[in-house]
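this is the structure alone, sequence omitted:
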């Protein structure tokens, strides 16, 4: 009972000290509750004197492990060699704050991207007492921004490449067409084939497209009965540019077969066979196109846009040969499977 009276009396007799202790406890509670921020107080020698719960969660050291040690331990070796901790302190003294946007080290040696500031701590009379460093883990945000930057770059590249292909298709189709109507039809069908290939790629998040899927889509888009195009071969996926090129090539081959070759009559067929041959360092992809049952074949007197497109597109990946045999047109391709599947392949040329 006596103790309670003494405590009450002390509060009355020492209101300033009681208020000051309450204020310190309040500030300490705020400091420790800011768990999303590392708040680090430093002395004039840049040694840690206060380490909040946020610093422990973000950086990994307990307060008892880090107090008394130089704050430089949280900087990378490169930044320490470049004097970055000292530069932050200098900026805090001369400019009011030193900005912090860089990689930092955790206790376990892992890196994280930090964003924050260092500021000078001064007494009521303006005397320098130390520094406070506040930072936040922004690794996820930085990674999201980097992914966004890469995606925007890739989107820009794809759009430019797509427009270049469409422009080439348009120019060449007009150049080789007998009439405006024929040019319009050729342009429309070729761009549709190109767009359909994009749709197939989008179903696989623009990573790849299977050979058999592209063949099937080409037959459907051109209205050819499935029984008249016999396709067989192992599962092979093509990278985006190879898939786009292959789609345009198949469109030209099927269109030509429908107009002049095996598919122009009622009984002709097309056989498409492909295989993969193991080879040290680079497996080989072989594709064979064979028409049969159509009218007698004659080699063209001049090569049109379709023939040049087929040759240019396939030659970018390997060796292509044509055989205008009277019994049916043949095409053979031997290509590097790595080129057909590697993601950073050359852009499609038309």
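In hand now; what should we look at? Just so it is clear, the model here is predicted, and its values are computed rather than measured.

contacts and neighbour counts: CA atoms only from here.
Noted.

helix, strand or coil: sort out residue 114 for me.
What DSSP: H, G, I helix; E, B strand; the rest coil gives for residue 114 is strand.

now for it, how many residues are close by?
Per other C-alpha atoms under 10 Å, the neighbour tally for residue 114 reads 21.

could you pull up the residues touching the spatially closest residue to it that is not a sequence neighbour?
Distances taken as C-alpha to C-alpha, 6 or more residues apart in numbering place residue 137 nearest to residue 114, at 4.9 Å, with adjacent residues excluded. By C-alpha atoms under 8 Å, 6 or more residues apart in numbering, the contact set of residue 137 is 36-37, 58, 112-115.

buried stuff in the longest helix anywhere in the chain?
Looking across the chain with DSSP state H, the single longest helix is helix 139-176. Within helix 139-176, the residues that count as buried by 16 or more other C-alpha atoms under 10 Å are 139, 161-162, 165-166, 169-170, 172-174.

if we ignore the residues flanking it in sequence, what's nearest residue 103?
Residue 103's closest residue in space is residue 113 (C-alpha to C-alpha, 6+ apart), at 4.5 Å.

check residue 188 and give its pLDDT.
For residue 188, the pLDDT comes out at 88.

nope, residue 307 is what I meant
pLDDT at residue 307 comes out at 84.

got it, and residue 339?
90.

what's the local residue count around it?
What residue 339 shows, counting by other C-alpha under 10 Å, is a neighbour count of 21.

next one: residue 341
Residues near residue 341, counting by other C-alpha under 10 Å, number 20.

might you report the residue contacts of residue 251?
190, 193, 218.

what kind of secondary structure is it in?
helix.

residue 36 and residue 56, how far apart?
10 Å (C-alpha to C-alpha, to the nearest Å).

neighbour count for the two, which is higher?
residue 56 (19 against 14).

verify the stated contact: the more buried one with residue 38.
Yes: Residue 56 is in contact with residue 38 according to C-alpha atoms under 8 Å; the separation is 7.5 Å.

redo the contacts of residue 251 as a markdown table? Include distance to residue 243 and secondary structure.
Formatted as a markdown table, the contacts of residue 251 follow (distance: C-alpha to C-alpha, whole Å; DSSP: H, G, I helix; E, B strand; the rest coil):
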| residue | distance to residue 243 | secondary structure |
| --- | --- | --- |
| 190 | 14 | helix |
| 193 | 11 | helix |
| 218 | 12 | helix |
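
perfect, that will be all.
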